[in-house]
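[1] Need a 3D model of the sequence below.
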Amino acid sequence: KEHTGQLSFFKGVTYRFRIAHDDDEWLYDEEPHVRRRQEILSKYPEIKELMGPDPRVAYFIAAEVFFQLFMATMVSIYQPGWITWFMLTYFVSGTINHSLGCAVHEVGHNLAFGHKYGTANRILSLFCNLPMMVPLAVSYKKYHQDHHRWLGHEDADADMPLRVEARLFSTPITRLIWLFLHPLIYAFRPFIKSPRPITVWELINFAVQITFDLILLHLLGFWAFCYLAFGTLLGLGPHPMTGHFISEHYLFADQQATHSYYGFWNPLIYNLGYHVEHHDFPYIAFTRLPKLHKIAPEYYENLPSHDSLCRVIYNFLFFPENGPQAHCVNSEDLTRPELYKSAPKGLIPDYYQRNDREKENHIGNGKSKVANGNK
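    Just a heads-up that it's a prediction; the model follows:
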């Protein structure tokens, strides 16, 4: 949609539509958030003061890492029954390990110690990675850079599903399977889509993580090891927090390619819910993203957003138009207007119905919400 006084947000088309029109030539414009960033900065130059790292993230990471080690020790000492073990693994370990995964993202942007201290950021990311039991921190940073630079470009954006995902996971049951497999798919997709040579830091990440895993297995035993390992698998899979992965770049309203989430999970996901804000300004630390939103509200409050990650997952599973094939593909309507015009619009009907009701009743403050319901 276009909003007075701001640059219109770029449009995407669903992956399914992209595959169906594979014979068409697609032209890719520059990464759209660059233009938004330029316009917002020209209007609010004080936003530059928000840019930069926030070292306090290291304290939050340390607290979560040591908490997980404490919990693993308690599991080792008290040997709970399998039901209690599963509850602890899902609700505690799954939540904290997912949060640590979001911290890896924050540190991957050098937002702990700044660009000048790359080694310090990498060491912190290795430390953050420890309770997750899988060496992912360094590889994630390497491929995540392309996600920002080539947002929505099929061959370069590692966050975009593979074509086989779009074809295989097209029903509610298969999408649920996709949700359970999400940690594995997300981990291996970059190496299939756009593999790069292994770096020295990736080897260090692997060596440090495997050493930690073996030591923990020896000292605390099998169930403590599984408490952490399955915490990662469950936390990044069938867990409410996984909704933020889906909410960010799957097309839910007006073919908008990036959505934000404003809800109570944000502190635990290091404000990754402020995702439009993050893509507009990737070098603003998570602690300052809400302030960015307040400084330039007309650039964010008029955009469709989510307020419930559980509702995001529900819509992803059960709306026929959704699923992996509903991920955005970068296609500015200016480059191929005839294709954009024929692409399906309005994947969440109640978003448009609600807007119509608001117009009829002359209510509303200009905000649009894609996802309503219980958080």
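
[2] how about the strands in this structure?
    For the chain, the strands defined by DSSP state E occupy 12-14, 260-261, 305-306, 328-330, 369-371.

[3] Note down every partner strand of the second one and its orientation.
    The one in question is strand 260-261. The strands beside strand 260-261 in its sheet (DSSP bridges) come out as strand 305-306 (parallel).

[4] taking the mean pLDDT, what do you get for the strand it pairs with?
    The pLDDT scores in strand 305-306 average 90.

[5] how about low-confidence regions in the stretch 201-350 of the chain?
    Across the stretch 201-350 of the chain, the ranges flagged by pLDDT under 70 are 251-255, 328-350.

[6] Go again with 50.
    Applying pLDDT under 50 to the stretch 201-350 of the chain picks out residues 332-337, 339-340, 342-350.

[7] What segments of it are helices?
    222-235, 243-249, 275-280, 289-295, 309-318, 337-342, 349-361 (DSSP state H, counting those that start in this stretch).

[8] which residues are in contact with the longest one?
    If I follow you right, that is helix 222-235. Residues outside helix 222-235 that contact it (Cβ atoms under 8 Å, 6 or more residues apart in numbering) are 68, 71-73, 75-76, 79, 85, 88-90, 92-98, 101, 131-134, 183, 213, 216-217, 241-242. Where you see a C-beta, it was placed from the backbone N, CA and C, and this is true even at glycine.

[9] Just the buried subset of the residues you listed, written out for PyMOL, thanks.
    Per 16 or more other Cβ atoms under 10 Å, the buried members of the contacts of helix 222-235 correspond to this PyMOL selection:
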select buried, resi 68+71+72+75+76+85+88+89+90+92+93+94+95+96+97+98+101+131+132+133+134+183+213+216+217+241+242
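
[10] Of the contacts of helix 222-235, which belong to helices?
    68, 71-73, 75-76, 85, 94-98, 101, 183, 213, 216-217 (DSSP state H).

[11] domains of the protein?
    Domain ranges of the chain: 12-52+244-346, 57-242, per automatic domain parsing.

[12] Span of the last one from start to end?
    This points to domain 57-242. From its first residue to its last, domain 57-242 covers 21 Å (Cα to Cα, to the nearest Å).

[13] Show me how far that domain is from its chain's centre.
    12 Å (Cα atoms, centre = their mean, to the nearest Å).

[14] Report the separation between the spatially most central residue of the chain and L236.
    Residue closest to the average C-alpha location in the chain (Cα atoms, centre = their mean): F245, at 3.8 Å. Per Cβ to Cβ, to the nearest Å, F245 is found 8 Å from L236.

[15] again, but for N97
    N97 is 8 Å from L236, by Cβ to Cβ.

[16] Check F225 too.
    Using Cβ to Cβ, F225 is found at 17 Å from L236.

[17] For the two, indicate the residue with more neighbours.
    L236 (24 against 20; other Cβ atoms under 10 Å).

[18] Look up the closest residue to that one, ignoring the ones flanking it.
    In space, and not counting its chain neighbours, L236 is closest to P183: 4.0 Å by Cβ to Cβ, 6 or more residues apart in numbering.

[19] The one you found contacts H239, doesn't it?
    No - contact status for P183 versus H239: not in contact, 10.0 Å apart, counting by Cβ atoms under 8 Å.

[20] I204 contacts A137, correct?
    No - in this structure, I204 is not within contact of A137 by Cβ under 8 Å, at 10.2 Å.
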